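In: what follows is a predicted protein model with its sequence.
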Amino acid sequence: MRRGPSAFNLASVILGLAFLYLPIVLLVVYSFNASRLVTVWGGFSTRWYAALLQDQQMLDAIGVTLRVGVVSATLATVLGTLAAVALTRAGRFRGRLVFSGMIYAPLVMPEVILGLSLLLLFVAFGLPRGVWTVTVSHATMTLCYAAVVIQARLIGFDRSLEEAARDLGRTPVQAFLEVTLPNIAPAVAAAWMLAFTLSLDDLVIASFTSGPGSTTLPMRIYSQVRLGVSPEINAVSTLLIGLVATGVIGAYLVQQRRRANP
Amino acid sequence: MSARPPRRGLAALAPFLWLAVFFAFPFLLVAKLSLSDTALAMPPYAPRLDWSKGLQGLGDFARGLDLQTYGRLVTDRLYVAAYLSSLKFAGIATAILLMIGYPIAYGMSRCPPRLRQALLMAVILPFWTSFLIRIYAWIAILKPGGLLNQALGLLGLPPLALMDTDVAVYIGLVYAYLPFMVLPLYAVLERQDESLLEAAADLGCTPRQAFWRVTFPLSLPGVAAGALLCLIPMIGEFVIPDLLGGSGTLMLGKTIWTEFFANRDWPAASAVAIVLLATLIVPIAIYQRQQMKLLEADR
């Protein structure tokens, strides 16, 4: 029998969650503030959301961010799946340590280093900076996260199913697409979502690798935040938080239901 | 493991080629640039490799490289201070995170399984929420006349000037990295075999003794994973010291950013990046080894 939580256990969990959520809740609440002063409550209003729709620069930034997010997440998921398969299946081949190092290092590497090094690459080859350089950079960073998420699922997958398909005459590619991929699909979807949100969130790498006309939403938010807090930023932040929270909680509930009735 | 056709390696090569081009190779460019000098040109550094001159161009290029920029880093007090202060910020914040994160992870692991799932979700969710936005939220709380000082005023307490101070940077670091500390700790604590504690109790341990002699030592891999996962990126952190810290708050991530964007001193930014990388390479290698070991254990 597992011992139940003590009062101390419960208190630390509750205080911990309060610490994590209080700033986010305050930010959301104050996005509905009628006053221009962000921290003085002036009654309920949705005027900052309306102001957002008028802000062409902000809308452009949202457009760039979504485009970069979708393309880079897709690229990262494809490459990440291949990397995960290689790392779980290939056993101990020469250079495995180097390969896995290239997967794990970007996870903890400070973003300033990644941003600077990618920029120097684009400059060295004389590539014009813009939406594409940001997309490629984001795919590079997020493919490692995707690989780790998918790898965790692949390890639990029963390899003999794929071997059975091979025995029944499928080519390795067919066996992978028809047997393995449907089985690891939840992890692939989760990897895509993770890559997408990381791209949506990134300020540092985008700042280094973007060019004229490819200002992303975090870059826009950052330049406004430097000038001070503004209720419009609260509004756009709230929309972003709502979007991500809906996606993540939705995915979680789907997974729970599937687990409840298999 | 059964025999498999060698062709399988081909598709798997794609992500590694990608990473070699976009992750590994650029580090060589950073290293090269750190040996160059600043120049009034676009891009703002010299020497530049001139392929049209063939081998002689390569020779000229190599002669143009020197360690001058590193010399500047060592002798300029500002760089040394930024280096030491990055280590200090990250070290102290990691210690605070362990002290806060451990009780949370431990408390979660004691809850009934259904609740545990929901709590895990609750800890992960802020991680998915934009980092920048979560730091921005703290500005409204900490600034003079902000929400914290309004609350203190209501309680009749004097206001605190926290914004643009080192304290604000610590708050931001602890807040942003808390999920990274809690998750690895929870992963090891949740898996722990309860019967070990029963055995300890049978042998006369009080619950407190059992915690320090059984639970805590067994959770050390989680402690190490959480500490590395927080410590490494925090040393190079930029957004938090920039938005919450004051002009006197020095950190390497901020230094690289300022050298690059404000001073347009690309060689200096590169040299600082190389120093940062050299500092992080050992912890990153330890982290990688540990992650691989964990995966092997799951297999």
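Out: Noted; the coordinates are in hand.
In: for residue B:15, pull up the helix or strand it's in.
Out: Taking DSSP states H and E as the criterion, residue B:15 maps to helix B:8-19.
In: surely residue A:187 meets residue A:146?
Out: No. Using C-beta atoms under 8 Å, residue A:187 makes no contact with residue A:146, being 9.2 Å away. (Glycine included, C-beta is placed from N, CA and C.)
In: so between the two, which is more surrounded?
Out: Set residue A:187 next to residue A:146 and count neighbours by other C-beta atoms under 10 Å in any protein chain shown: residue A:146 wins out with 31 against 20.
In: quick check: closest non-adjacent residue to the more buried one.
Out: In this structure, residue A:146 finds its nearest non-sequential neighbour in residue A:80, 2.8 Å apart by C-beta to C-beta, 6 or more residues apart in numbering or on different chains.
In: just the CA atoms of the helix holding residue B:15, as PDB, please.
Out: Listed next in PDB are the C-alpha coordinates belonging to helix B:8-19 (Å, rounded to 0.1, in the frame of the first residue of the first chain):
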ATOM      1  CA  ARG B   8      17.900   0.900 -43.500                       C
ATOM      2  CA  GLY B   9      20.800   3.200 -42.600                       C
ATOM      3  CA  LEU B  10      20.100   5.500 -45.600                       C
ATOM      4  CA  ALA B  11      16.800   7.100 -44.500                       C
ATOM      5  CA  ALA B  12      18.200   7.400 -41.000                       C
ATOM      6  CA  LEU B  13      21.100   9.400 -42.400                       C
ATOM      7  CA  ALA B  14      18.900  12.400 -43.300                       C
ATOM      8  CA  PRO B  15      18.400  13.800 -39.900                       C
ATOM      9  CA  PHE B  16      22.100  13.500 -39.000                       C
ATOM     10  CA  LEU B  17      23.100  15.100 -42.200                       C
ATOM     11  CA  TRP B  18      20.700  17.900 -41.400                       C
ATOM     12  CA  LEU B  19      22.200  18.300 -37.900                       C
END
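In: so for it, what gets flagged as buried?
Out: Residues B:12, B:15, B:16, B:18, B:19 are the ones in helix B:8-19 that count as buried (16 or more other C-beta atoms under 10 Å in any protein chain shown).
In: tell me the mean pLDDT over it?
Out: For helix B:8-19, the mean per-residue pLDDT is 78.
In: if we can go back for a sec, from the buried residues of helix B:8-19, which are also near chain A?
Out: Filtering the buried residues of helix B:8-19 for proximity to chain A (criterion: C-beta under 8 Å from any C-beta of the partner chain) leaves B:12, B:15, B:16, B:18, B:19.
In: just give me the neighbour total for the residue lying closest to residue B:46 once chain neighbours are set aside.
Out: Nearest residue to residue B:46 in three dimensions, chain neighbours excluded: residue B:39, at 3.9 Å (C-beta to C-beta, 6+ apart). For residue B:39, the neighbour count with other C-beta under 10 Å is 14.
In: picking that back up, now the helix holding residue B:15: how far from the chain's centre is it?
Out: Distance, stretch centre to chain centre, for helix B:8-19: 27 Å (C-alpha atoms, centre = their mean, to the nearest Å).
In: now do the contacts for residue A:121.
Out: B:21, B:22, B:25, B:26, B:29 (C-beta atoms under 8 Å, 6 or more residues apart in numbering or on different chains).
In: quick check, nearest of the residues you listed to residue A:199?
Out: residue B:22 (14.7 Å; C-beta to C-beta).
In: going by proximity to chain B, name the top residue of chain A.
Out: residue A:110 (2.3 Å; C-beta to the nearest C-beta).
In: that older thread, hmm, residue B:33 and the residue nearest to residue B:46 touching each other?
Out: No. If you go by C-beta under 8 Å, residue B:39 and residue B:33 don't touch, sitting 11.5 Å apart.
In: overlap of the contact sets of those two?
Out: Joint contacts of residue B:39 and residue B:33 (C-beta under 8 Å, 6+ apart) are residue B:45.
In: quick one: residue B:227 and residue B:98 touch, right?
Out: Yes. Using C-beta under 8 Å, residue B:227 is in contact with residue B:98, at 6.5 Å.
In: out of the two, which sits in the busier spot?
Out: residue B:227 (22 against 15).
In: not counting its neighbours along the chain, what's nearest that one?
Out: residue B:94 (5.4 Å).
In: do you know how far residue A:152 is from residue A:7?
Out: Distance, residue A:152 to residue A:7, using C-beta to C-beta, to the nearest Å: 35 Å.
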